[in-house]
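Enquirer: below is the sequence, then the predicted model.
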Amino acid sequence: MGITKADLFSEVQNEMAAVAKAFSHPARVAIIEHLIKANACINSDLVQELGLAQATISQHLRELKDIGIIQGTIEGSRMNYCINPDRWKQIQAQFNTLFDQFKGSCC
């Protein structure tokens, strides 16, 4: 197991880094965009929409679910996924706070 220095940083900094890592793959950004566009819970649409294998989609969904930005509900033998609105607002506020700290140009 690798040694991390996460304890050197605040809880918020570590959380924002985890969110940024989850957003670091274009497939996960595409999944988020699709969920926003659909404005509903979806299930198997992502395989046709993104052209990736179900196993790959499931892996990306797991990454997004781990940070809480999406939530899944079981419907029969399927999982439906949608944006978690409370977590979305929390993440948005954290990044807005960071970006709002920069007030102008430097150098």
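Expert: Thanks, I have the structure now. Residues are numbered from 1 along each chain as shown.
Enquirer: need the helices for the chain, in chain order.
Expert: In the chain, the helices defined using DSSP state H lie at 11-22, 26-38, 45-50, 54-66, 85-100.
Enquirer: flag the shaky bits of this protein, pLDDT-wise.
Expert: Residue ranges of the chain with pLDDT under 70: 1-3, 44.
Enquirer: about what we covered before: tell me which of the helices of the chain sits nearest to residue 4.
Expert: Between residue 4 and these, the tightest spacing by CB to CB is seen for helix 11-22, at 9.3 Å. C-beta: built from backbone N, CA, C; applies to glycine.
Enquirer: show me what the closest one is packed against.
Expert: Here helix 11-22 touches helix 54-66, helix 85-100, going by 3 or more CB pairs under 8 Å, 6 or more residues apart in numbering; DSSP states H and E.
Enquirer: tell me the helices and strands packed up against the last one.
Expert: Spelled out, it's helix 85-100. Packed next to helix 85-100, using 3+ CB pairs under 8 Å, 6+ apart, are helix 11-22.
Enquirer: 6 Å instead, please
Expert: Applying 3 or more CB pairs under 6 Å, 6 or more residues apart in numbering; DSSP states H and E, we find helix 85-100 packed against no helix or strand.
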